[in-house]
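Colleague: Sequence and predicted model, in that order:
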Amino acid sequence: MSTRSKRAIESDVDDARERFVATRRLSRLDLEEDTIVFQVFGLSGDFTAFLSDPYPMEATVVYGPDDFELQTSGTIEDTILAVLSELKSLEAKPAKDRHHIGSNAESAESSDEEMSWVVTDRPPEPALQADIDSVQKLFGDGAVVLTQLCLTTYRVRLYVPIKCALLDTRVCAAWGLKPDVPVCVDICLPVTGYAMGVVEPSMLAQVRQEGFPEFGLEKQLMQILADFCSVCKSRAWESFDCVHESVDEDAPEKLFRRFELKKQELMLQALGDRELGFLSCLGRYLQLRMPTLNEYCAICDAPFMLPPMMMRAVCPRELCTYQFGEFGSKITSAEGLNNHAEVVDLLVCMLVAAAKSSRRHMILDPYPNVYVGEQLQVVLHPNSKDFNKLETYVRELEGIRARIGNQFGASWSAKTSSMSAEAAALLKWTVASNRSFLAPLQDDERIPAFRTPFQYLLISAPPAKEARFQELKKQFRTSFAFHGSPSENWHSILRNGLKNASNTKLMTCGAAHGAGIYLSTDPGTKVSVYAFSSQKIPL
């Protein structure tokens, strides 16, 4: 476990002791290497939680007396709350169907008395009950579950159905989402004094999809909902600019403004019927934001300076970049999607071609943003481009590929232990920064004219544009057209989209028929252009 994770664990243990031991909800709480051991007040026997690595991104498993076992996730406080909630559920069962964990004949009576803070439910106040009723009317029966964790805290579990035609099965797979399973939001609310403006971002405990461990949206959705809580608490929506602005240009500052306004409009839409209550508004905002996840940073939820593409991505801010480097596959789902050996190899080839091109100063966009070590040592950064240094690490990847490229089988990631830390970090960035959907074509899907088994489905358009294309396809049908950009350009195309470079410094093949992106109905025409202008990378 990394030093950074260990520091976070130690800090969280101190916070948990103050919250649970000082209030006599736990008898003790100890940290032993990568596990925590605690005892629930009034029960005999220890509970042992094996903390996730990286903490707190993965699942945590808890074992306790009398074969108690629970798998959960989140911080140490989340883990303890989950155990207490599970104990409450066990105690709520009929006596013939339950056993007292860690109790015996002499201590059962006293244990029941000392556990009264767990098993005694207090009816919700009218304001909270009204919100719960509204949620059930909006999202259906069973859409909200209220559990009293202690004398002062409820856990509200909100089940928000996903309702968006833009999120087809391919987009959901790319984003790490199961479309037929509601998104589950856990919120810790005060037993008394609940109202629209009292919910703090810190009261959000977890976002997940039950029974779907591949869920990849927790980080981004937690930030989205935290921002919503902050707006509700400060009533910031009252200062939102409701005047519609026409911001259509693709200049970076214009794009940022356009998507910032869009976020505000969606928040106002969710809050438009505030009498339904906070929980309903929160769930509605979550639904409205689901199809927009690719338009904002997957960590901080800030708009991008570039037009959105299909895959979710991270903005270039230093903290976001570091977290992206540490937990890229857990944040954007890109690494999990694109870890097919052929796809990873293709991405590496495109990076190599761009980095070794004589035009690399113009076409290597984005330039890698790579950190290593606990101290966030900068290896490569777009603000100080060092192409000689980059080529050193690229040659290392080339060398590994030349030696054992035919033996990769499962994944490039299996070979990271034989690389330098810098080359391994560059490989991870190359895979996780890809903003386009890539998947190898099956035998019956390939185009025979290309005479190669290495053919891929590429989707770079964001869901809204792709949905519009599919509508037009049903109406007008489609034809094949072929484009022949050289391999050195594809590192950028996969991350920025296909651009019109006619009459710019990026143009290489002229514009005999005017400015535009040139396509051909004959694959041979575009292959010949590609061969003429591209360096060769052995496959």
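Modeller: Received it, and whenever you're ready, just let me know what you need.

Colleague: how far is stretch 427-434 from where the chain is centred?
Modeller: Counting by C-alpha atoms, centre = their mean, to the nearest Å, stretch 427-434 is centred 15 Å from the centre of its parent chain.

Colleague: And for stretch 11-26?
Modeller: Mean-position distance between stretch 11-26 and its chain equals 30 Å (C-alpha atoms, centre = their mean).

Colleague: Same question for stretch 222-232.
Modeller: Using C-alpha atoms, centre = their mean, the mean C-alpha position of stretch 222-232 is found 16 Å from that of the whole chain.

Colleague: just the CA coordinates of that stretch, formatted as CSV?
Modeller: The C-alpha trace of stretch 222-232 is given here as CSV (Å, rounded to 0.1, in the frame of the first residue of the first chain):
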residue,chain,number,x,y,z
MET,A,222,-20.0,12.0,-5.9
GLN,A,223,-18.5,15.4,-7.1
ILE,A,224,-21.7,16.2,-9.1
LEU,A,225,-23.9,15.5,-6.1
ALA,A,226,-21.6,17.4,-3.7
ASP,A,227,-21.8,20.5,-5.9
PHE,A,228,-25.6,20.2,-5.9
CYS,A,229,-25.6,20.0,-2.1
SER,A,230,-23.4,23.1,-1.9
VAL,A,231,-25.7,25.0,-4.2
CYS,A,232,-28.8,24.1,-2.2
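
Colleague: quick one: buried residues of it?
Modeller: Of the residues in stretch 222-232, those buried by neighbour count under the rule 16 or more other C-beta atoms under 10 Å are 222, 223, 224, 225, 226, 227, 228, 229, 231, 232. Heads up, the C-betas are built off the backbone N, CA and C, glycines and all.

Colleague: for the one helix or strand residue 422 maps to, packing partners?
Modeller: Taking DSSP states H and E as the criterion, the element that holds residue 422 is helix 421-432. When contacts are defined as 3 or more C-beta pairs under 8 Å, 6 or more residues apart in numbering; DSSP states H and E, helix 421-432 sits against helix 318-332, helix 334-337, helix 341-356, strand 370-372, strand 377-380, helix 387-404.

Colleague: so how far is residue 480 from residue 522?
Modeller: 10 Å (C-beta to C-beta, to the nearest Å).

Colleague: returning to that earlier point: which element follows the helix holding residue 422 toward the C-terminus?
Modeller: Sequence order places strand 437-440 as the next helix or strand after helix 421-432, per DSSP H and E.

Colleague: hang on, the earlier thing: what's the model's confidence in the helix holding residue 422, averaged?
Modeller: In this model, helix 421-432 has an average pLDDT of 87.

Colleague: Which of the helices and strands packed on helix 421-432 comes out lowest on mean pLDDT?
Modeller: Mean pLDDT, when computed for each of the helices and strands packed on helix 421-432, is lowest for helix 334-337, at a mean of 47.

Colleague: Mind picking the one among the buried residues of stretch 222-232 that's closest to residue 274?
Modeller: residue 232 (9.1 Å; C-beta to C-beta).

Colleague: Quickly find the element holding the residue nearest to residue 492 when sequence neighbours are not counted.
Modeller: Nearest-residue entry for residue 492: residue 365, 4.7 Å, with adjacent residues in sequence omitted and distances by C-beta to C-beta, 6 or more residues apart in numbering. Applying DSSP H and E as the criterion places residue 365 outside every helix and strand.

Colleague: and residue 365, how many neighbours does it have?
Modeller: 17 (other C-beta atoms under 10 Å).

Colleague: Wait, residue 371 touches residue 320, no?
Modeller: No. In this structure, residue 371 sits apart from residue 320 without contact. The criterion is C-beta atoms under 8 Å, and the distance is 11.6 Å.

Colleague: Give the buried residues for stretch 274-293.
Modeller: Using 16+ other C-beta under 10 Å as the burial criterion, the residues of stretch 274-293 that qualify are 276-293.

Colleague: now stretch 418-436, how far from the chain's geometric center?
Modeller: Using C-alpha atoms, centre = their mean, we find the averaged C-alpha position of stretch 418-436 to lie 18 Å away from the chain's own average C-alpha position.

Colleague: ugh, typo on my part, it should be stretch 167-177
Modeller: Its chain's average C-alpha position is 12 Å from that of stretch 167-177, according to C-alpha atoms, centre = their mean.
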